[in-house]
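Visitor: Any chance you could fold what I've pasted below:
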Amino acid sequence: MLDWVEYHDELMGRIGEVGKLSPDTLKGYQTLSGAGAKTGRLDAKTRELIALAVAVTTRCDGCIAVHSKAALKQGATREEISEALGVAVALNAGAALVYSGRVLDALDEQEEK
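Guide: Model (predicted):
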């Protein structure tokens, strides 16, 4: 099993290296990442719950490491996180269902030719 604390720390070090090599890339990411916080429409905990659901759907271990720590810091409970993850699971299932229709479209077109 992955040591998430160690992975988080290593990840932050590597991101720091990227920031030294390409500071504008890191600044651009930080601008995007912080944009939602400036509006005040969603609180930090809600943004972290969304981030965790997206991290699951995009299969991003680094995102999971960063945003699980941040969600806990913002007071998210295991139950709230689990509910957000349930949305991610449902969305992935929904996406698979939608794309199943695309397979049928491809079959229809290929059978006609």
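
Visitor: show me what contacts the most centrally placed residue in the chain?
Guide: With distances taken as Cα atoms, centre = their mean, residue 55 lies nearest the centre of the chain, 2.3 Å away. Residues in contact with residue 55 (Cβ atoms under 8 Å, 6 or more residues apart in numbering) are 63, 64, 67. (C-beta placed from N, C-alpha, C; glycine too.)

Visitor: Can you tell me which of the residues you listed has the largest number of neighbours?
Guide: Neighbours here mean other Cβ atoms under 10 Å. Within the contacts of residue 55, the largest count is held by residue 67, at 23 neighbours.

Visitor: residues making contact with the helix or strand harbouring residue 65?
Guide: Here residue 65 is covered by helix 61-73, with elements defined by DSSP states H and E. With contact meaning Cβ under 8 Å, 6+ apart, helix 61-73 is reached by 2, 4, 7-8, 11, 44-45, 48-49, 51-52, 54-56, 81.

Visitor: Nearest to residue 106 among the contacts of residue 55?
Guide: Taking Cβ to Cβ as the measure, residue 106 sits nearest to residue 63 out of the contacts of residue 55, at 31.5 Å.
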